[in-house]
Structure formats: C-alpha cells, structure tokens
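Asker: Provided below for reference: sequence and predicted model.
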Amino acid sequence: MTDLAQDSGAQPLDRLEAGAERSSERREFFRTALGAGAVAVVGAAAVAIGSVATAQTANDAALLNILLNFEYLEAQFYAFAVTGAGLPSGQLTPGSASTTTVGAVTGGRQVSFADPVLARHARELANEKAAHVAFLRTTLGTAVVAQPAIDLGSTATSAFSVAMRAANVVAAGAAFDPFASDNNFLLAAFFLEDVVVTAYKAAAQLLSDTNSRDAAAGLLAAHAHHAALIRTVLFTRGATTATLRTQADAISAVRDTLDGTVRDDVGISPAALANSQLTALNGLVASNVVPAGVDGIAFGRSAPNVLNIFYLNSLAVTRGGFYPNGLNASVVTSAAN
C-alpha cells in the first residue's frame with residue numbers, strides 16, 4: 001500500500017468551528033479542520049472489507065487486525081480512566097510476521113469517579129476491553145499488528161476536543177477533557193462505543209473461518225452490551241441533567257455526518273427515534289437505548305466509514321483524529337463522503 005501524499009496544511013481550528021451546528025456544516029468542519037489529507041492507493045483488502053459481495057476474498061487476519069486497532073483505542077481509554085495507566089507493554093507489540101511498530105498513547109489519566117456504581121461499570125468495561133485485546137492478539141499469533149499511535153489527549157487540538165466542539169459540547173476553541181468528570185467520561189465513551197459496535201456488525205459476516213466468525217459474533221455481542229450500558233446511563237442521568245441527552249444526541253449527529261449522507265446513527269433521546277411509533281407506549285415516553293432502524297435491527301459500518309469517524313474527517317484520508325498516524329492495518333483510508 002502506497003501513500004501518494006501526507007496530510008498537510010491544516011487550517012486554524014477557530015476559523016472552522018463556527019459552522020459546526022448543522023449536518024452539512026459539520027461535514028465541512030471535518031473536511032478542513034485537520035487538513036484535506038491525501039488519498040492513498042487502497043488494495044483489494046479494502047474493497048473486501050467494505051463490500052459484502054467480495055467478502056469471500058477478505059483475509060481473516062487482515063479483518064481481525066483492523067478490529068484489533070479499534071480495540072486498542074477503546075482498551076487504552078478505559079484502562080487510563082480506571083487505573084491511570086495504559087495496557088501492559090507486552091499487549092502492544094507486533095508479532096514476528098508483522099513489520100508494524102508500536103505507537104504511543106497521547107494523554108490519558110485516571111478519572112476521579114464521583115459515582116461508585118459508574119466506577120464499577122468502568123472497571124468492568126476496562127477488564128473486558130483488555131481481554132478483547134489479549135484474545136485477538138492470541139488468535140492472530142505471529143500476524144498480530146502493534147498498537148498504532150493513539151490520541152486520548154485533552155488539549156484544544158486533541159481528538160476528543162475537536163469532536164466535542166463539533167457537537168457543541170464545549171465552546172469554539174475550548175478543550176474537552178474526557179477524564180475530568182463522570183459526565184465527560186460517559187460522553188467520550190459514548191462517542192467510541194457505538195462506532196465499534198457498527199464495525200463488528202459489518203466485519204463479522206465477512207470472516208471466512210467458522211471459528212473466527214463465531215468469535216467475532218461474541219465480540220460484537222459484548223460491545224453491544226457495553227454500548228447499551230453507556231447509552232442507558234446517559235439517558236438515566238439525562239432525566240436530571242437534560243444537557244447530557246442533548247449533548248449525546250449532538251455527538252450522534254456528528255458521527256452521522258462524518259460517515260456519509262445516509263441518516264442511520266441516532267442519539268439517546270426519544271425525539272431521535274427513527275420509528276415515531278416507539279416514542280410512546282401506553283402513554284410512556286420511550287428511551288432510545290438501541291440505535292436501530294424501523295425494523296429494530298442495528299446497522300453496521302464498513303471499515304472506511306468507521307475511519308471517517310475515528311479520523312474525524314469525511315474525506316478519504318489516511319490518518320487523523322484518534323489515530324494521528326493512521327492504523328496498523330491493511331486498510332488505512334477513510335471513505336470519500
């Protein structure tokens with residue numbers, strides 16, 4: 001895989017944040033905020049991952065390594081939030097058949113949880129995310145890729161800050177610290193969790209080996225439980241802190257803008273439900289824990305569309321956002337939206 005050019009010429013963020021309120025403006029925000037980037041030459045593996053029609057040509061190891069890149073991001077986020085330290089170094093290195101190198105994690109610190117129940121939830125998620133990394137690394141063996149560089153920072157130019165400004169969670173030019181409070185932790189987790197669920201939803205069906213497919217289905221189920229937990233806690237807290245629901249819905253809109261023009265990602269508020277028949281049942285207002293369509297089925301995202309969100313860019317680029325140097329994978333280019 002060959003990069004034709006590298007990201008350059010990033011424009012000042014403060015010039016771009018003002019237009020992030022509506023869907024079309026959010027897309028423009030991410031197209032320019034981190035630089036236009038460059039389109040990479042993408043091989044057959046990328047086509048296989050993005051298309052069910054060519055699923056039989058996909059390499060299981062390549063698919064699992066892409067998912068492992070996403071697991072590294074989540075596992076490091078929760079590890080720092082719970083313990084103040086990242087994953088053990090032995091869980092980051094490449095296998096003997098991989099030429100990738102370990103990237104550093106920028107930012108990350110322990111959250112001083114005010115809610116002891118939320119602290120327990122966070123610890124459970126941290127343990128299970130670390131277990132996912134360990135499982136995939138063992139499954140991949142010598143083919144396992146190293147952790148890529150990951151941005152968990154809390155400066156004004158960090159990935160979480162850019163994403164949260166686009167969702168109007170923080171003001172133009174302001175920083176967002178995902179580890180500063182219970183609510184910040186929940187909003188940051190919400191941004192990540194739903195995306196990884198959709199990645200597994202699309203990838204699981206493309207694996208050719210029965211054992212790999214079964215494992216991916218189990219991982220998908222685990223991630224769906226995690227995402228539902230975060231959505232439920234946010235919705236419940238939103239009963240007394242209405243801005244949490246508004247902010248979560250805006251984060252959903254940002255993700256939806258980045259991954260294309262189809263409206264599929266939905267927030268946690270009843271008003272965000274795609275099926276209006278579900279907004280009231282026996283006189284009770286429904287929640288929106290499951291981001292499903294009118295058929296009640298959750299949707300999936302191809303790897304390039306997942307990268308649009310994690311790179312914080314609706315263009316075809318090879319790095320940015322939470323992965324400042326891109327993925328350690330066979331697919332590194334986001335979709336052109």
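Answerer: All right, it came through fine.
Asker: can you give me the neighbour number for the closest residue to residue 115 other than its chain neighbours?
Answerer: Using Cβ to Cβ, 6 or more residues apart in numbering and skipping the chain neighbours, the partner closest in space to residue 115 is residue 182 (5.4 Å). In this view, the C-beta of every residue, glycine as well, is placed from N, C-alpha and C. Residue 182 is flanked by 17 other residues according to other Cβ atoms under 10 Å.
Asker: show me the contacts for residue 182.
Answerer: 111, 113-115, 118 (Cβ atoms under 8 Å, 6 or more residues apart in numbering).
Asker: of these, which is the nearest to residue 129?
Answerer: residue 111 (14.9 Å; Cβ to Cβ).
Asker: and residue 215, how many neighbours does it have?
Answerer: By other Cβ under 10 Å, the burial measure for residue 215, its neighbour count, is 17.
Asker: surely it is in contact with residue 138?
Answerer: No. If you go by Cβ atoms under 8 Å, residue 215 and residue 138 don't touch, sitting 10.6 Å apart.
Asker: show me the one in the contacts of residue 182 that has more neighbours than the rest.
Answerer: Neighbour max across these (other Cβ under 10 Å) = residue 111, 22 neighbours.
Asker: what sits against it?
Answerer: Taking Cβ under 8 Å, 6+ apart, one finds 81-82, 119, 122, 179-182, 185 in contact with residue 111.
Asker: just say helix, strand or coil for it.
Answerer: Reduced to three states with DSSP: H, G, I helix; E, B strand; the rest coil, the structure at residue 111 is coil.
Asker: next, residue 106: secondary structure please.
Answerer: strand.
Asker: look up how far residue 322 lies from it.
Answerer: 10 Å (Cβ to Cβ, to the nearest Å).
Asker: and for residue 61?
Answerer: Relative to residue 322, residue 61 is positioned 23 Å away (Cβ to Cβ).
Asker: neighbour-wise, which of the two wins?
Answerer: More crowded of residue 61 and residue 322, by other Cβ under 10 Å: residue 322, with 27 against 21.
Asker: now do the contacts for that one.
Answerer: Taking Cβ under 8 Å, 6+ apart, one finds 73, 150-152, 159, 310-312 in contact with residue 322.
Asker: show me where the protein has strands.
Answerer: With strands called from DSSP state E, the chain shows them at 105-107, 150-152, 280-281, 284-285.
Asker: any low-confidence regions in the stretch 151-300 of the chain?
Answerer: 270-286 (pLDDT under 70).
Asker: could I get the full set of helices for it?
Answerer: 159-166, 182-204, 210-237, 242-258 (DSSP state H, counting those that start in this stretch).
Asker: got a list of what the closest residue to residue 63 other than its chain neighbours touches?
Answerer: Spatial nearest neighbour of residue 63, chain neighbours left out: residue 203 (5.4 Å); criterion: Cβ to Cβ, 6+ apart. Neighbour list for residue 203: 49, 63, 66-67, 216, 300, 303 [criterion: Cβ under 8 Å, 6+ apart].
Asker: from those residues, which land in helices?
Answerer: 49, 63, 66-67, 216, 303 (DSSP state H).
Asker: which of these has the most neighbours?
Answerer: Neighbour max across those (other Cβ under 10 Å) = residue 303, 29 neighbours.
Asker: was I right about that residue contacting residue 65?
Answerer: No. The pair residue 303 / residue 65 is not scored as a contact, 10.8 Å apart, by Cβ under 8 Å.
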